[in-house]
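# A structural model of the following input is requested.
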Amino acid sequence: MVLDRTLYNVLGVEPNATQEQISKAVKKKSLEHHPDRGGSHEKMQQVNAAKEILMDPQKREIYDRYGLEGMKRGMTNENFNFPGFPGNIFDLFNLFEHGNNSQGRSTVNKGNDIKHVIKVSLEELYSGTTRTIFIDCDFVCIECNGIGGHDGFPRECNTCEGTGIEKVIHRLSPMSQQIQRKCSTCNGEGYVIESIDCCRTCDGRKVIQQEKSFDVHIAHGSQHKEKIKLSGQGNQIPNGEAGTVYIILEQQPHATFNRKDDDLIMTMEINLTESLCGFQRTITLLDGHKILINHPPGKPIVPNSYRTLKGYGMPNRNTHTNGDVIIRFDVKFPEDNFIQNESQYKQLEAILPPKMRNILKNNEHYEEVKMMPCDSFQENSHQNHFSNGHHHHNHGEEYEDDVHFNGYPEGVRCPTQ
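Prediction:
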């Protein structure tokens, strides 16, 4: 019974195919996938691997019995022996992602990925932009074509004798165990290059590092910490695919706005007169657009309350809508003794709602005390300072705890324009 059909699927034949049928399939697939005919180098490697195993009766018998996964597991067991297979058998395993996959999916070596952080302003995230950046990347050395030395100079590795595999004995008294693993001297390649024979351009490293420019498109409405993926643009390796470059957007603090998802939160400072009698303000949005706010008299603004400007926040690429601008009001009260004439206090008292009358009982003694400022307590109880008898308007409760976003400080007060 055949456990693994991967190699047969590569050639498009059944597991009971004859040697003649396999030979014809190899010729057909070789013509189909040959790189000189525009075929895939990866597919051609798979065809050659299937040919080497299935055209050899002894290798085919071992493959049919264990499959690729079974052979791979057996490499670490001294009781398993696969005579006749190529020394660097790990290359065979690397050609195929799953030995028991009936579809024969494959994998190839890939260069290391690169993560690069760029700092972007809130304006850039709002409107979108294109940034040109420069990153140091590995390129396959063109002088030695990724060999690491000049043609003919690589010699057989003494540790693994060219097999790419070394045997290691683990002693666990009173027993010992022998395992096979990729050669640590040649990294499983089966050959080494003497320092005198190394390529002078890459010094035997097979790759050289050079600066590469990237034009990074930042879409409007992009998020803080959003990743932009540039596949195949990362570090190169010989006989493999280039890695991926990940551009990570890091939103910078803004002078006016804090961002919460698609909403923009800001603090606007007004005085008590404006709170009671109305006010006018202009706000400059992130795209430079200016909006005018006219708040009418007779609708007092409570300290630390919120108002919403619908649809003026960050754009959302998925919903094609904009979030809101959320304004938190910081109402400044007058300084002590702001009125010198007592008659003016009487006039002000006549305009404002009446004071609560405090009735003292004649038969009781009262000690009159003087209140003192207590700034430290006010800072710690900021959220509850004005809560007695009032409620936050609209988004008050929702945004009370969100004015600190992503570690950024609370928004700078909006200046009068």
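# quick one, what contacts the closest residue in space to Ala219 that isn't next to it in sequence?
Using C-beta to C-beta, 6 or more residues apart in numbering and skipping the chain neighbours, the partner closest in space to Ala219 is Gly128 (5.3 Å). Every residue, glycine included, has its C-beta placed from N, CA and C. Counting by C-beta atoms under 8 Å, 6 or more residues apart in numbering, Gly128 touches His217, Ile218, Ala219, His220, Gly221, Ser222.
# could you redo the last one with a cut-off of 10 Å?
Taking C-beta atoms under 10 Å, 6 or more residues apart in numbering, we find Gly128 in contact with His217, Ile218, Ala219, His220, Gly221, Ser222, Pro315, Arg317.
# burial of the second one, as a residue count?
Applying other C-beta atoms under 10 Å, we find 19 other residues in the vicinity of Ile218.
# how much space between it and Gln251?
11 Å (C-beta to C-beta, to the nearest Å).
# Which residues are in contact with each of the two?
Shared contacts of Ile218 and Gln251 (C-beta under 10 Å, 6+ apart): Val120, Glu124, Leu125, Glu226.
# quick one: which of these is nearest Met268?
Leu125 (22.3 Å; C-beta to C-beta).
# Got phi/psi on that closest one?
Main-chain torsions, Leu125, degrees, to the nearest 10: phi -70, psi -30.
# Quick check: Val26 is in a helix.
Yes - assignment of Val26 by DSSP: H, G, I helix; E, B strand; the rest coil places it within a helix.
# Let me see the contact set for it.
Counting by C-beta under 10 Å, 6+ apart, Val26 touches Val10, Leu11, Val13, Val47, Asn48, Ala50, Lys51, Glu52, Leu54, Met55.
# picking that back up, just the buried residues of the contacts of Gly128.
Ile218, Gly221, Ser222, Pro315 (16 or more other C-beta atoms under 10 Å).
# Next, give me the two most distant ones among the contacts of Gly128.
His217 and Pro315 (15.4 Å).
# Distance-wise, check the residue nearest to Ala219 relative to Ser121.
On the measure of C-beta to C-beta, Gly128 and Ser121 end up 12 Å apart.
# do Val331 as well
30 Å.
# In terms of neighbours, single out the busier of these two.
Shown here are Val331 and Ser121; by other C-beta under 10 Å, Val331 has more neighbours (19 against 14).
# didn't that one look like it was pressed against Thr267?
No - contact criterion C-beta atoms under 10 Å: Val331 and Thr267 do not qualify, at 11.2 Å.
# hey, what's in contact with both of these two?
The contact lists of Val331 and Thr267 share Asn304, where a contact means C-beta under 10 Å, 6+ apart.
# Tell me how many other residues surround the residue nearest to Lys182 when sequence neighbours are not counted.
In space, and not counting its chain neighbours, Lys182 is closest to Gly188: 3.9 Å by C-beta to C-beta, 6+ apart. By the criterion of other C-beta under 10 Å, Gly188 has 21 neighbours.
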